[in-house]
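Engineer: Provide a 3D model corresponding to the input given below.
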Amino acid sequence: MIRYKKIKIGKKYIEALLFNLSSRNLIVLKGRKGYIMCGYLNLKAARKFKDAAAMITGISTIAEALKARISAVTPSAAKIGIYKNQPVKEALSIIA
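Structural biologist: This next block holds a predicted model:
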C-alpha cells in the first residue's frame, strides 16, 4: 500500500509519501529544497549526493512524522537551517 498526501505548510505545500513494507512503513516528506526521511533510508547516501536531507526515527505514520523531531541532518540541510532536535514542522517550513 502507498499513501500520498499534499500538506500545506504556510503558503506552500510538501508531499508526504508512506510505503507500507513488510514490517514497517517507509516515510518521506518532500519539499522543493529537500526532504525528511525515516530511518529506513540511508543518510550516508544523501550526504554523498549532497542532498538537503534530514532523518526522523521512531515513527510509523505521517501524523507521527509531523510531530517528530529531527534526529540527524546532512551538511546541505544544515546550510539551509535544519538542525538536530528541530521540530519537523519547523524544518518543513524551510524545505517547502
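Engineer: from what I can see Ile94 touches Tyr83, true?
Structural biologist: No - the criterion here is C-beta atoms under 8 Å, and Ile94 misses it with Tyr83 at 10.1 Å. Quick note: C-beta positions are derived from backbone N, CA and C, even for glycine.
Engineer: so which of these two has more stuff around it?
Structural biologist: Ranked by neighbour count (other C-beta atoms under 10 Å), Ile94 and Tyr83 place Ile94 first, with 17 against 12.
Engineer: and the gap between the more buried one and Ile62?
Structural biologist: Distance, Ile94 to Ile62, by C-beta to C-beta, to the nearest Å: 19 Å.
Engineer: same thing with Glu90?
Structural biologist: As for Glu90, its distance to Ile62 is 17 Å (criterion: C-beta to C-beta).
Engineer: between the two, tell me which one has more neighbours.
Structural biologist: Ile62 (18 against 14).
Engineer: I figured Pro75 hits Arg47, correct?
Structural biologist: Yes - at 6.8 Å, Pro75 counts as touching Arg47 under the criterion of C-beta under 8 Å.
Engineer: so these two - more neighbours on which side?
Structural biologist: In this view Pro75 and Arg47 are compared by other C-beta under 10 Å, and Arg47 has more residues nearby, 16 against 11.
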